[in-house]
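> here is a sequence together with a model predicted from it:
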Amino acid sequence: MSQKLTHLKELESESIYVIREVAAQFEKPVLLFSGGKDSIVMAHLAYKAFYPAAIPFPFLHIDTGHNFEETIAFRDELVERLNIKLLVGSVQESIDSGRAVEEHGYNASRNKLQTVTLLDALAKYKFDAALGGARRDEEKARAKERFFSHRDEFGQWDPKNQRPELWNIFNGKKDLGEHFRVFPLSNWTEMDIWQYILLENIELPSLYYTHEREVFERDGVWLAAYPFMKLKSDEKVIRKRVRCRTIGDISCTGLTVSEAHSIEDIIDEIASSRVTERGGRADDKRSEAAMEDRKKAGYF
Amino acid sequence: MSGYLDMELLRFTTAGSVDDGKSTLIGRLLYDSKSIFEDQLEAVKAASERLGNEEINLALLTDGLRAEREQGITIDVAYRYFATPKRKFIIADTPGHIEYTRNMVTGASTADAAVILIDARNGVIEQTKRHSYIASLLQIPYVIVAVNKMDLVGFSEEVFEKIKAEYQQLIDILHLKNIYFLPISARDGDNVVTKSENTPWYKGEPLLQLLETIPVKEEIDELPARFPVQYVIRPQSDEFHDYRAYAGRIAAGKYTVGDAVTILPSLTQSTIAAIDEADKSLEEASAPQSVAIRLADNVDVSRGDMIVKSDNLPRIDSNISLMICWLNHRPLSIGGKYVIRHTTDEVFGIVKDVYFKVNINTLENIKDDKTVQMNDIAHILIKTSKPLKYDLYADNRITGSLVIIDEGTHETVGAGMIVDSLLEQTFVI
């Protein structure tokens, strides 16, 4: 009797299958790269799926203009190493051209505005499939998502009328102007991602490890102090040792007070954590169906 | 930590009618295995209060869409994840209503096990028959019949035994294998994660322990080897100028370097020169690994072809008998042309005949009405534009399954399981 596949190898094998299926079924796919751990794992899997050939599609980064500089530096280094063409969609440009309107107030965020920039970029380059690193365990609306998720010509998701997805047969057929979002990491959990990063020795931005930075507390969440983050009168900036459990736009990325120096430390920390990784994400806290609503509109 | 890296994966589906407490059971498994986080629990608590529930409604953990929460029902398959020190689990939580049969079929298509809930007060009802039929149709290897709400019948052994006896008739009709029965109360957690003191007469294991120990995919690499070619890897670089590999996911069996193989449909013979997994070369690989195979000879191979070991070929035919579940509002068109996607292959198919439909509540065959509507299960014959290289679904769930796609709308309209022609009636009933 041969050796059984571990669950991590099975997940890897499933994801590689999905990524290759995208390359085979679509004319112009793109990988949505945010610089976070999930999209770094996606880049690693795409590299493995086509080795020794180059990854046959470009990466697209939707830049809110409010990114941690470490994320951008890491992104540039990675695409150079993998010899990938990087495209950047700028939320600032969408605002400047009047396509998107900046939010105001203390909780202003460019998170939601990314949808405009994303859909514009997909249309501009005529991409017919966008690979994303979203996982079903992240959020309850994501738990309903397919691997191959159809989007109409407005980029919208119709959760009540999704195409059935059976066995491992994926149907990427569509009309002109429509596209697909594809989620190869659908079945991975946060813990799987970290274990896989450890197993494969994948390099990550320094933000994931403990470091000292200027922070302030809002609604029980630590946020990074930056010039564009408006402080309320009772909010004080202090220095603390923190790390990112997820990396998003600065305005909505909650920081974890942590002393984790290595992947092993991070895994121990997550294993004993009693809140989900999105517990610190202000973008999900806007309403009970915040993610469902954003996804319907065309969000990642 | 090393334990985690050695874990196996079990995919299971849950079936039960609206009020059988299915989502509550899943909520209970997640809660008692400590897979629910504080912020999720807080959100569910708040939502429960807003919806007027007196206790925390664990079903809200899985019913994630706005419409589902409003109506208190499950509409679409939701996937949930939890892990114990022994295994990692993927739950496909599927709706129980008859109008969502298609979603149940979707959830069942990848499941290693099915948990079918029965309300202890109602016993085996039509829905139970339907769910069991689908488990049998989709060939889910293990079926766990959980008799729920035992607290409402005073944890009576007599009630439990009576339901078991009723269900035995279904087992005989549907040829179900590997059945387990257990008495539970999902609401209070009896026999879910820990053995209940309320059922001293029950000698078996609680649900979670059962899920941790039933064998996973133990036979898939013992089956005849099947490798549908997904993608051809041909680097454009000087360093790998002559490299040419066929990428795909092994559907069944095992491949070893040096194996004599046949490429289908051309029937060309060759030998496996190398099996690559990214920058590592393997001596052997088995299902369900994604690899890239290099052949010793320069032969013509492309997406949709299949590389098999020469000592055991699949069937090759363009007349295909299917059991189908129809998934779309527009009924199946007899004589109609559809796109057929089978493994990585794509052909056209014309529907030649509908032999019968199945009334999945009574398990009777209907021969005088050939209109196949959404959620119907039917036995049909199709003719494909090119021969398929296939196995029976009963022998191989990957090379024996296909989907039917509407040429005009591009929607996936049917799910097909390849069977021997059932005019002689062997598969069910």
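That came in fine, so what should we check first? Numbers count the residues shown, from 1 in each chain, chains lettered A, B, ... in the order given.
> helix, strand, or coil at the residue in chain A that chain B sits nearest to?
Of all residues in chain A, residue A:140 sits closest to chain B, at 3.1 Å by CB to the nearest CB. All C-beta spots, glycine's among them, are computed from the backbone N, C-alpha and C. At residue A:140 the chain is in coil, as set by DSSP: H, G, I helix; E, B strand; the rest coil.
> quick one: neighbours of it, just the number.
26 (other CB atoms under 10 Å in any protein chain shown).
> was I right about it contacting residue A:291?
Yes: counting by CB atoms under 8 Å, residue A:291 is a contact partner of residue A:140 at 7.5 Å.
> state the pLDDT value of the residue of chain A closest to chain B.
For residue A:140, the pLDDT comes out at 75.
> list the residues that contact the residue sitting nearest the centre point of chain B.
In chain B, the centroid-proximal residue (CA atoms, centre = their mean) is residue B:109; its distance is 2.2 Å. Residue B:109 makes contact with A:166-167, B:138, B:397, B:401, B:415 under the criterion CB atoms under 8 Å, 6 or more residues apart in numbering or on different chains.
> phi, psi of the residue nearest to it when sequence neighbours are not counted?
The shortest distance from residue B:109 to any non-neighbouring residue, by CB to CB, 6 or more residues apart in numbering or on different chains, is to residue A:166 (4.2 Å). With angles defined as degrees, to the nearest 10, residue A:166 sits at phi -110, psi 150.
> how about residue A:166, what does it touch?
When contacts are taken as CB under 8 Å, 6+ apart, residue A:166 is in contact with B:105-106, B:109-110, B:401, B:403, B:412, B:415.
> swap in residue B:284?
A:2, B:254-257, B:275.
> just give the closest residue to residue B:174, not the sequence neighbours.
Sequence neighbours aside, residue B:136 is the residue nearest to residue B:174 in space, at 4.1 Å (criterion: CB to CB, 6+ apart).
> ditto for residue B:117
residue B:16 is the one closest to residue B:117 (CB to CB, 6+ apart), at 3.1 Å.
> touching, that neighbour and residue B:114? I think so.
No: between residue B:16 and residue B:114 there is no contact under CB under 8 Å: 10.4 Å.
> find residues that contact each of these two.
Common neighbours of residue B:16 and residue B:114 (CB under 8 Å, 6+ apart) are residue B:131.
> how is the chain divided into domains?
The chain I'm using is chain A. A:7-192+A:288-297, A:204-281 (automatic domain parsing).
> my question was about chain B
The domain map for chain B lists B:2-213, B:226-309, B:315-424, with the assignment taken from automatic domain parsing.
> redo those domains as CSV? Include distance to residue A:30 and mean pLDDT.
Shown next, in CSV, are those (distance: least, CB to CB, whole Å; pLDDT from 0 to 100):
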stretch, distance to residue A:30, mean pLDDT
domain B:2-213, 25, 84
domain B:226-309, 17, 95
domain B:315-424, 21, 93
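> so which of those comes closest to residue A:86?
Nearest to residue A:86, of all the domains of chain B, is domain B:226-309, at 19.3 Å by CB to CB.
> mind checking the end-to-end distance for the closest one?
8 Å (CA to CA, to the nearest Å).
> do the same with stretch A:250-257
Using CA to CA, the two ends of stretch A:250-257 sit 16 Å apart.
> so what touches that stretch?
Contact with stretch A:250-257 is made by A:64, A:66-68, A:108-111, A:213, A:215, A:221-224, A:226, A:228-229, A:240-247, A:269, A:279-283, as judged by CB under 8 Å, 6+ apart.
> pull out the buried residues from the residues you listed.
With burial judged by 16 or more other CB atoms under 10 Å in any protein chain shown, the buried subset of these is A:64, A:66-68, A:109-111, A:213, A:215, A:221-224, A:229, A:240, A:242-247, A:269, A:279-283.
> buried ones in stretch B:229-236?
Judged by neighbour count using 16+ other CB under 10 Å, the buried positions of stretch B:229-236 are B:229-233, B:235.
> if we check chain A, which of those are in contact?
Contacts with chain A are made by B:230-231, B:233, B:235 out of these, judged by CB under 8 Å from any CB of the partner chain.
> just the helices in chain B please.
If DSSP state H is used as the criterion, the helices of chain B fall at B:2-5, B:22-32, B:38-50, B:66-71, B:101-108, B:126-137, B:157-174, B:207-213.
> tell me which of those sits nearest to residue B:317.
helix B:126-137 (21.6 Å).
> list the buried residues in the closest one.
Going by 16+ other CB under 10 Å, helix B:126-137 has these buried residues: B:127-137.
> show me which residues of the stretch 101-250 of chain A sit near chain B.
Near chain B, when you scan the stretch 101-250 of chain A using CB under 8 Å from any CB, you find A:136-137, A:139-141, A:143-144, A:159-160, A:162-169, A:171, A:173-175, A:186-187, A:189, A:191-192, A:195, A:199.
> are any of those residues buried, and if so which?
Among these, those scoring as buried are A:136-137, A:139-141, A:143-144, A:159, A:162-169, A:171, A:173-174, A:186-187, A:189, A:191-192, A:195 (criterion: 16+ other CB under 10 Å).
> skipping its backbone neighbours, what lies nearest the residue of the stretch 301-429 of chain B at minimum distance from chain A in space?
Proximity to chain A, evaluated over the stretch 301-429 of chain B using CB to the nearest CB, is greatest for residue B:410 at 3.7 Å. Distances taken as CB to CB, 6+ apart place residue A:173 nearest to residue B:410, at 3.7 Å, with adjacent residues excluded.
> got it, and residue B:22?
The shortest distance from residue B:22 to any non-neighbouring residue, by CB to CB, 6+ apart, is to residue B:16 (4.1 Å).
> now do the contacts for the one you found.
So residue B:16 contacts B:22, B:25, B:96, B:116-118, B:127, B:131, B:148 (CB under 8 Å, 6+ apart).
> what do you get for residue B:49?
Contacts for residue B:49 (CB under 8 Å, 6+ apart) come out as none.
> and it, how far from residue B:42?
For residue B:49, the distance to residue B:42 (CB to CB, to the nearest Å) stands at 11 Å.
> over to residue A:27?
Distance of residue A:27 to residue B:42, computed by CB to CB: 45 Å.
> more neighbours, those two?
residue B:42 (12 against 8).
> now residue B:175: how far from residue B:357?
20 Å.
> more neighbours, the two?
Per other CB under 10 Å, whichever of residue B:175 and residue B:357 has more neighbours is residue B:357, with 24 against 11.
> what's across from that one in the sheet?
For residue B:357, the beta-bridge partners under DSSP bridges are residue B:366, residue B:378.
> over to residue B:13?
For residue B:13, the beta-bridge partners are residue B:92, residue B:114 (DSSP bridges).
> hmm, residue B:91 and it touching each other?
Yes: counting by CB under 8 Å, residue B:91 is a contact partner of residue B:13 at 7.4 Å.
> quick one: contacts for residue B:148?
Counting by CB under 8 Å, 6+ apart, residue B:148 touches B:16, B:20-21, B:25, B:117-120, B:184-186.
> re earlier: just the ones in helices from the contacts of stretch A:250-257, please.
Secondary structure from DSSP H places residue A:269 of the contacts of stretch A:250-257 in helices.
> inside strands: which ones of the contacts of stretch A:250-257?
Of the contacts of stretch A:250-257, the ones assigned to strands by DSSP state E are A:213, A:215, A:221-224, A:240-244.
> adding pLDDT, write these out as CSV.
Listed next are the ones in strands among the contacts of stretch A:250-257 as CSV, based on pLDDT from 0 to 100:
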residue, pLDDT
A:213, 90
A:215, 89
A:221, 83
A:222, 87
A:223, 87
A:224, 88
A:240, 91
A:241, 92
A:242, 90
A:243, 91
A:244, 87
